Structure formats: C-alpha cells, structure tokens
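Peer 1: Need a 3D model of the following:
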Amino acid sequence: MSYQVLSLKWRPQSFDDLVGQDHVTKTLTNAFKMDRVAQGYLLTGPRGVGKTSSARLIAKALNCQTSPGTPCNECNNCQEITDGRNMDVLEIDGASNRGIEEIRNLREGIKYAPMNSPYKIFIIDEVHMLTTQAFNALLRTLEEPPPHGKFILATTDVHKVPATIISRCQRFDFNRISDQVIADRISIILEKENITIDVESLRAVAQKADGSMRDGLSLLDQVIAFAGSNITIDAISEVLGIIPTQLYFNITQAIIEKDGFKVLDEAKTVKNSGMPVSEIANGLNQHIRNLMYCKVSGGSELLSVGDDLIQTYMDHANDWEIKDLLRVSDILSILEDKAKRASQPYLMFEMMLMKLLELDSVLSIEQLLSGNKNVIKPFKQPVKKTPVIPIPKPEVIIPVKQEQKVEFQAPKEPKIENVATKLDRVIIDKPDVPDIDLSDKWPEIVEKISLKKASIAAVLEHCFYRSIEGSVLNIELRGMSKFNLKILEQNRTVIEEMLASICGKSYRINSSWVDDGNGNGKDSAPGEKPKSTKTDSSGDAVSKILELFDGEIIR
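Peer 2: Residues are numbered from 1 along each chain as shown. I've put the predicted structure just below:
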C-alpha cells in the first residue's frame, strides 16, 4: 500500500476528533439529536481548520445506518463516504465546476431520490468561485430543495459569497486553532506513530503551523523525513528554518547591555540562516511580547512556551520596562512591513538593531515635569567599560601679593582760553571785503540761471534785487503768489551754487515776499525798475506745474 500523508491518514472521522472547533461540533451534534436538520450549511474559515472534514462528518451523521446523528464509521454508508465513493454524497469542486451548466445539472440531479441513504447531499467546496449566474441559478433550489436534498457549502472567502446565498444557510465560522491544541494533537499522533519529540520542538512546529492543523501535519511529515523517529529542535531549525529562541534572548540581552559588537554578531548569524527578515522580525516581536507578558502580574501563565523557558523569560524581563518593550515592538512591526519590499532587507535589519542600541529609556510625563535630570538614562550600562584612571590635579600655588601703595593724582584741568580774546583774534584776522552792488548784474544772473534751471528762473524773473549786506543777498518776490516763495526756499542751495559760479563769491540768499493787496506781490516799488513786465495770471499756474513736475521752460 502506498504511503499516505499524515493530514489524510489522521483526518477527523468523528466530531470528537475535530479539535479546536467545539462551538461547531456541539451545535451540530445537538441539532441532529433533536432532528433539527437545515436544508443548507455554510462552513467558513481559514485554510486547514476542518471545513471539508466537517462537511463529510455532517454527511456521515445524516446518512449513518447504525446511529443517525453520530457517525459510527462502521456501516457501509460511513465507509463509502470516508472513501469518497458514496453515490448519495456528491462532492463538487467550485473552482472547476463554476458555470451555470454545472448548477443546472445539480438541480436536475437533486430531484431524484437517494439510493441507499436517507438524504442526497451535495458538498460544494470553494463555493465562492461560482459565477454570479451560477449563484442565481442555485438560489431557488437552495431555499426549497426536495425533502431528501441537503447542501453543504465550504469557503475560505465568505465575503465573495452573495448575501442571498448566506441567508438561505446556517453559517458556521471556523476559527484558527491555538498552538497548544495543535501541539497536543500532534503529540497524540506521534505517540501512535512511535516517534519521539521534545517539548520545544513540538511547540516550534505548532507555532510554525500558524493556526492550521493541516499545515502542522504537513510540516511534521517534512520533519520526520529529515530527522527520522527522533525529532530535535536542531533538526527542526535546519529543515524548517526556525530560529532558536536562544538567539532572540541574545539579541535583546545585547540591546539592553548596549553591546554593539554582540548585536552585529547575532545579526550575522541571522543572515547566515537565510531566513526572510520579515519572519525574523515577526519572531523577535513575539519574543518581545512574551517579555511584556512577564511584566504583567500573572502574565507568565499565558505564555505558550515550556516551563523551562518561562523562568528564563521571567529573569530576562527584570531588565526591561514595559514602556521600552512597547516602543521596541513598534519598531519591529515597521521593520516587518518594510522588509517585504526592501531591496536589502538584511541591511535594514542591521540598521534597526543599531537604532535600538541608541534608544534611551522612556520617561513618563510626571518624570519629565519633575525636572530631575537623573531620570534620563539608557536601558542599562554597557557590560564592558574602559577603566578610567583618575589623573591627580597639579597643585597650584598662588603667590600672595604684597600690598602696594598707589598714589592718586588729580587730573589736570584743561586750559581754558579766554573766549573774548579768541573772538577778538577772529575778528581781527577777518579780511575786510567790501559789499558789491549787483543791481546791474541781476538780470544777467537770472538769464544764466535760466539756462541751467528754467523752473527756478521762472520765479527769479519776478524777484528784484534789494541790497547786499556782507555775504547776504536780499531779494524780493513781487507779482506772484506767496506760494512761489517756497520754491525759492527749496532751491536755495542750487541758486547759491549758481550765483557763486557766476559772481566768483559765495552769497546767502534771503528772499522775501511783498503783497500787493490781491494775494500777489507788488509789480514795482517807487524808484525801482522791474526786470520783468509779465502780468499774466497764468504765471502762478506755470510755476506750480514746473515745481510739481520739475520741468523746464524751453525758450
């Protein structure tokens, strides 16, 4: 007889053998005892948790000839269903029979009465693979099948099944099986197979199964083929790529001690193992979780590890604070996600370990607000320290200075020179410059200024020479508004510079305005001859425009 794999050889043949799904087995057993059989059952859940096995158990329970409701596994119907050759129990693969034609054939076949059984049962595995048209064709038959017809649907993706199908069935959700239940079941199977295994290896296989009993038995087949009848943790680590728990302890111990060399050495060991970084980060994160459990009162009892490891976790957890463990777990979760897409995941793993070396202990808000600087500290001081040899400070002798007498002298008063004498000297040294009469030269001066600055000359044409007093030239503005006097004041510096260049001597302009009673200066004064005879009232406007736009009159 050919070899049969463990997952098929030890497939559950009764509801008692179906482990980890007590809520399903108990409900079905009680319903069959009370003869409360539904027209359809929908079994959902992850892979390898017993959906298809449960469908066959339901078929055997309904069609058992000896004890209906509980399969005896001895009658013809139970044996035929176990072997998959019963004519009244039809198993259909929804992935390969997903069209409307297959469902039409199913509807036609269910009309015929069963041959040797109370019920004609259709098991549709992976029912979510049916097309929309096939589901619609199944609706009516599924809701009101003939009295002898029953449907059992199984799927791993229940969200792809239409709600109209789900509402016509009794739904049973299968859960992932715990590591402890898988380990106990594997232990029973290995005992009957005459194969020895230690506790750590058993838990390693159960953890690797990730809640699937079928996956656990498949891994066990692989380990047996490698290690034979005596399974050890070393063999499991080599064939399944499982990192020993001691390696995780070494990494966390190196982090808490700030030992960079040890961290990198352990990272090298991980790299040589060939394990994906995402799985390494996941295993290290589970190791951190176990440490956090040990920090909680009574949490060590919840650990799914051996008794020898529980004490090791308890001792190791004493060096950690739960706040630091939570922060490390966050960093590892980020690494687990990014490592799947990184081009150099092992380099990222090493950088993460170096980052953990630089972390300080987490502070609470109360500690931070207390102002105590001593609360800021690393996880733990490094194990190896370079001894510091104290260097004695040289003795410094400070000489005592003798008291010295310092004589202070009053500052000398500045010599003040007689102001009157200084003024006399200035007056005496001043050369005697006679006043010059510019009355005849004034028109010529205005003409030359107009060549350089026409806007100023337009106002100066209405100015009349009065007298010179020393270096002051007195002029009067007549025949224009007093506003133009402001133009002369604003351009005084320009006028004085031009006057100095013309006369060869510096003069200060002193301008005044003479009112004619109408708001304008007088045209002339008795005994004086005006230089300009312009009386146009537009002169004021022209002056304002020239001032505003800094323009010139082109003659």
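Peer 1: so Leu353 touches Asp265, yeah?
Peer 2: No. Counting by CB atoms under 8 Å, Asp265 is not a contact partner of Leu353; they are 10.7 Å apart. The C-beta positions use only the backbone N, C-alpha and C, and glycine is treated the same way.
Peer 1: Mind telling me which residue is nearest the centre of this protein?
Peer 2: The central residue of the chain, meaning the one whose C-alpha is nearest the mean C-alpha position (CA atoms, centre = their mean), is Ile334 at 10.5 Å.
Peer 1: Quick check: what element follows the host helix or strand of it along the chain?
Peer 2: Secondary-structure assignment from DSSP states H and E places Ile334 in helix 322-338. Once helix 322-338 ends, the next helix or strand along the chain (criterion: DSSP H and E) is helix 345-357.
Peer 1: what sits up against that following helix?
Peer 2: The contact list for helix 345-357 (CB atoms under 8 Å, 6 or more residues apart in numbering) reads 251, 255, 258, 260, 263-264, 267, 270-271, 276-278, 280-281, 328, 331-332, 335, 338-339, 342.
Peer 1: Recalculate using a threshold of 10 Å.
Peer 2: Contacts with helix 345-357, where a contact means CB atoms under 10 Å, 6 or more residues apart in numbering, come from 251-252, 254-260, 263-264, 266-268, 270-271, 276-278, 280-281, 284, 324, 327-328, 331-332, 334-335, 338-339, 342, 344, 378-379, 382.
Peer 1: if we can go back for a sec, who's in contact with the residue nearest to the centre of the chain?
Peer 2: Contacts here follow CB under 10 Å, 6+ apart; on that basis Ile334 touches 281, 352.
Peer 1: Kindly report the same for Gly45.
Peer 2: Taking CB under 10 Å, 6+ apart as the test, what Gly45 contacts is 21, 24, 51, 54, 154-156, 158, 172-176, 211.
Peer 1: How about Phe226?
Peer 2: Counting by CB under 10 Å, 6+ apart, Phe226 touches 235-236, 238-240.
Peer 1: can you rerun that using 8 Å?
Peer 2: Contact partners of Phe226, counting by CB under 8 Å, 6+ apart, are 235, 238-239.
Peer 1: Which among the residues you listed count as buried?
Peer 2: Buried positions within these, assessed by neighbour count (16 or more other CB atoms under 10 Å), are 235, 239.
Peer 1: Out of the contacts of Phe226, which one has the weakest pLDDT?
Peer 2: Least confident by pLDDT among these: that is Glu238, with 83.
Peer 1: Leaving aside the residues adjacent along the chain, what's closest to that one?
Peer 2: Excluding its sequence neighbours, the residue lying closest to Glu238 (CB to CB, 6 or more residues apart in numbering) is Phe226, at 7.6 Å.
Peer 1: That neighbour: which element?
Peer 2: Going by DSSP H and E, Phe226 is part of helix 213-227.
Peer 1: Identify each buried residue in that helix, please.
Peer 2: Neighbour-count burial for helix 213-227, counted by 16+ other CB under 10 Å, picks out 213-217, 219-220, 223-224, 227.
Peer 1: Let me have those in a markdown table, adding pLDDT and distance to Asn484 as columns.
Peer 2: Output for those, formatted as a markdown table (pLDDT from 0 to 100; distance: CB to CB, whole Å):
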| residue | pLDDT | distance to Asn484 |
| --- | --- | --- |
| Met213 | 93 | 113 |
| Arg214 | 93 | 112 |
| Asp215 | 93 | 108 |
| Gly216 | 93 | 112 |
| Leu217 | 93 | 116 |
| Leu219 | 92 | 111 |
| Leu220 | 92 | 116 |
| Val223 | 92 | 115 |
| Ile224 | 92 | 120 |
| Ala227 | 88 | 119 |
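Peer 1: For those residues, could you give me TSV that also reports distance to Asp83?
Peer 2: Compiled in TSV, the buried residues of helix 213-227 are given as follows (distance: CB to CB, whole Å):
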residue	distance to Asp83
Met213	21
Arg214	19
Asp215	25
Gly216	25
Leu217	20
Leu219	27
Leu220	24
Val223	29
Ile224	25
Ala227	32
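Peer 1: roughly how far out does the longest helix along the chain sit from the chain middle?
Peer 2: Selection of the longest helix in the chain by residue count, based on DSSP state H, yields helix 277-295. Relative to the centre of its chain, helix 277-295 is centred 23 Å away, using CA atoms, centre = their mean, to the nearest Å.
Peer 1: what is the orientation angle of it with helix 345-357?
Peer 2: Helix 277-295 runs at 30 degrees relative to helix 345-357, counting by axes from the mean of the first three to the mean of the last three CA atoms, to 10 degrees.
Peer 1: Contacts for helix 277-295 next, please.
Peer 2: For helix 277-295, contacts defined as CB under 8 Å, 6+ apart pick out 241, 243, 245, 248-249, 251-252, 270, 299-300, 302-303, 305, 313-314, 316-317, 320-322, 325-326, 328-329, 332-333, 335-337, 339-340, 342, 345-346, 348-349.
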